[in-house]
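Asker: my questions concern the predicted model and sequence given below.
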Amino acid sequence: MFALVDCNNFYVSCERVFAPHLEGKPVVVLSNNDGCIVARSNEAKALGIKMGEPAFKRQDFLEQHRVAVFSSNYQLYGDMSERVMRTLAEIVPEIEIYSIDEAFLDLRSYRKNFNLEELARHIQRRVKQWTGIPVSVGVAPTKTLAKVANHLAKKSPGKNGVCILSDPEEITDVLRTLPVEEVWGIGMQYQKFLNKHGITTALELRNAPDAWVKKHLTVVGLRLVKELRGVSCLPLEMVQAPRKGICTSRTFGNLVEDYESLREAIATFASNCAAKLRQQHSCTKMVSVFIYTNPFLIDEPQYSNCKMVLLPEATNVTPELVRYALWGLKLIYKPGYKYKKAGVLMTHIVPEDQVQTHLFYQVDRKRYTALMKSVDRIQQRMGKGTIKYAVEGTRHPWKLRQERLSPQYTTRWSDILTIHQC
DNA sequence: TCTGGGGTCCTAGGACCC
DNA sequence: TCTGGGGTCCTAGGACCC
């Protein structure tokens, strides 16, 4: 059996841990740049606020209904996520951290003669007590069915956040009433396609012939259908595979026209990617740079371009990567446009101890590697952005809009919560 | 004024090889 | 009637996830 533990309205719950007066009130969290609504409390959902709605279109509505609005605070959410995951791993060590707010647990090797419901309740209570985050737990014979169980745990008021699906007949009954688009792996395009072919429920999908599913939904779809039948095809992945692509991109808070500002942004993004590379002990051989104007401003001249730069030798040294990224930018930058978004993408990633060296390209990488180690250690201890390359700039006229940012309660000493005695 | 960011996997088709 | 057959590698694009 697999359990899927999912934090309820995770970003909102993180904010509420440190602002308990918001319990029971409508709360939303915005995406980067305060752009879209990406997390909603149950009260906010009940008001009809949709996932992904642009915040500015809902401004009046949010004020009118006294919805608490937060900018996204990834330092806080990342740290709270780690706490939740550590708590879970202490109960069940066979854990796959699937996303910032979700984890699968493999219960097969959990101690003998235990009660699934009791275990799920125990997990729920302990995570709440140790971190303040409410979670829902779904348990079933496959990961896909555990997702279904979790969905039910959240939606059915009587279940109080726990749902165990073990009886085959019960599973069939559940799938009969589950809309096919609620199944993990069925997105909008597949929903349209399946509906057109008379498949509207998860049960109908489960009963579709293998060959037909494989033809139209690829092997991914076939795996999913087998999982619905109770055949486990998706194993628990305890070790996280290194990323195959690493990207840092941002929509700017203000439109950016001048080359200098763009250079600062690209250097910052490249530097950020380099740090991520080193963190997973990888090097990259391909650096791509891209820039866009704002497609929503239909009266403005539009331009977008990207440049892929193939390196002679894979590296994770910041100054090298920044140089290649800026070279790419130079090739695609055109004056006279108002840029809205830019980014750096690193691909062709290899483990750092398996770099194919170049016969004629000589860099003293040993020295740089030592330097990068020191830089990373300082950042880790003193906080991100403590030291940086001058080319990254300090003014950052392009930086995000984050008007409703909460403090970094758990990761910055100066932001630690103060309790006043009344 | 104002519309996020970061990933994965699969397939078809083109270029190339013998 | 009859255009060889069997591969690899790479990329773009499309689907999905949170």
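Answerer: Cool, the structure landed.
Asker: my reading is that residue A:232 lies in a strand. Confirm?
Answerer: No - applying DSSP: H, G, I helix; E, B strand; the rest coil, one finds residue A:232 to be coil, outside a strand.
Asker: my guess is it meets residue A:142, correct?
Answerer: Yes - the criterion here is C-beta atoms under 8 Å, and residue A:232 meets it with residue A:142 at 4.5 Å. Backbone N, C-alpha and C define where each C-beta goes, glycine included.
Asker: what about those two, which has more around it?
Answerer: residue A:142 (23 against 19; other C-beta atoms under 10 Å).
Asker: could I get the pLDDT score of that one?
Answerer: Listed pLDDT for residue A:142 reads 97.
Asker: just the strands in chain A please.
Answerer: A:2-7, A:27-30, A:37-40, A:68-70, A:95-99, A:102-106, A:135-140, A:162-164, A:246-256, A:282-293, A:304-315, A:339-351 (DSSP state E).
Asker: rounded mean pLDDT for the last one, please.
Answerer: I take that to be strand A:339-351. 93.
Asker: buried residues in that strand?
Answerer: A:339, A:340, A:341, A:342, A:343, A:344, A:345, A:346, A:349 (16 or more other C-beta atoms under 10 Å).
Asker: filter the residues you listed by proximity to DNA strand B?
Answerer: Among those, the ones lying near DNA strand B by C-beta under 7 Å from any atom of the strand are A:340, A:341, A:343.
Asker: now do the same contact list for the second one.
Answerer: Applying C-beta atoms under 8 Å, 6 or more residues apart in numbering to residue A:341 gives the contacts A:249, A:250, A:251, A:252, A:291, A:292, A:294.
Asker: do that again at 7 Å, thanks
Answerer: A:249, A:250, A:251, A:252, A:292 (C-beta atoms under 7 Å, 6 or more residues apart in numbering).
Asker: excluding its backbone neighbours, what's nearest whichever residue of the stretch 151-300 of chain A sits closest to DNA strand C?
Answerer: Nearest residue of the stretch 151-300 of chain A to DNA strand C (C-beta to the nearest atom of the strand) works out as residue A:187 at 2.4 Å. Excluding the flanking residues, the one nearest residue A:187 by C-beta to C-beta, 6 or more residues apart in numbering is residue A:181, at 7.6 Å.
Asker: so that neighbour sits against residue A:191, correct?
Answerer: Yes - in this structure, residue A:181 is within contact of residue A:191 by C-beta atoms under 7 Å, at 4.0 Å.
Asker: okay, now residue A:76: neighbour count?
Answerer: 24.
Asker: report the separation between it and residue A:408.
Answerer: Using C-beta to C-beta, to the nearest Å, we find residue A:76 at a distance of 6 Å from residue A:408.
Asker: picking up where we left off before, for the residue nearest to residue A:187, grab the count of nearby residues.
Answerer: 15.
Asker: need the pLDDT of it.
Answerer: Reported pLDDT for residue A:181: 96.
Asker: contact residues of chain A facing DNA strand C?
Answerer: By C-beta under 7 Å from any atom of the strand, the part of chain A that sits against DNA strand C consists of A:98-102, A:147, A:184-191.
Asker: show me which positions of stretch A:213-220 end up buried.
Answerer: Those would be A:213, A:217, for stretch A:213-220 by 16+ other C-beta under 10 Å.
Asker: next: stretch A:42-53.
Answerer: Neighbour-count burial for stretch A:42-53 [16+ other C-beta under 10 Å]: A:43, A:44, A:47, A:49, A:53.
Asker: could you pull up phi and psi at the residue of the stretch 151-300 of chain A closest to DNA strand C?
Answerer: For residue A:187, the backbone dihedrals are phi -100, psi -160 (criterion: degrees, to the nearest 10).
Asker: and the nearest residue to residue A:363 once chain neighbours are set aside, how many neighbours?
Answerer: Of all residues not flanking residue A:363 in the chain, residue A:320 sits nearest, at 7.2 Å (C-beta to C-beta, 6+ apart). Neighbours of residue A:320 under the rule other C-beta under 10 Å: 18.
Asker: cool, residue A:30 as well?
Answerer: 23.
Asker: ok, it to residue A:38 distance?
Answerer: For residue A:30 relative to residue A:38 (C-beta to C-beta), the value is 7 Å.
Asker: what do those two both touch?
Answerer: Common neighbours of residue A:30 and residue A:38 (C-beta under 7 Å, 6+ apart) are residue A:72.
Asker: ok, residue A:342 touching residue A:291?
Answerer: Yes - judged on C-beta under 7 Å, residue A:342 makes contact with residue A:291 at a distance of 4.6 Å.
Asker: okay, and the common contacts of these two?
Answerer: Joint contacts of residue A:342 and residue A:291 (C-beta under 7 Å, 6+ apart) are residue A:262.
Asker: neighbouring contacts of the top helix by length along chain A?
Answerer: The residue-count maximum for a helix in chain A (DSSP state H) belongs to helix A:259-279. Outside helix A:259-279, the residues that touch it by C-beta under 7 Å, 6+ apart are A:246, A:248-249, A:256, A:283-284, A:289, A:291, A:316, A:318, A:321-322, A:325-326, A:329, A:333, A:339, A:342-344, A:346, A:372, A:376, A:388-389, A:391-393, A:396-398.
Asker: then stretch A:60-80?
Answerer: A:10-11, A:14-15, A:22, A:25-32, A:34, A:38, A:44, A:47, A:100, A:131, A:133, A:402-406, A:408-411.
Asker: related to what we said a few turns ago, now the longest helix of chain A against strand A:339-351, angle please.
Answerer: 30 degrees (axes from the mean of the first three to the mean of the last three C-alpha atoms, to 10 degrees).
Asker: what's the nearest residue to residue A:242 once chain neighbours are set aside sitting at in phi/psi?
Answerer: Using C-beta to C-beta, 6+ apart and skipping the chain neighbours, the partner closest in space to residue A:242 is residue A:280 (4.6 Å). When read as degrees, to the nearest 10, the backbone of residue A:280 gives phi -100, psi 20.
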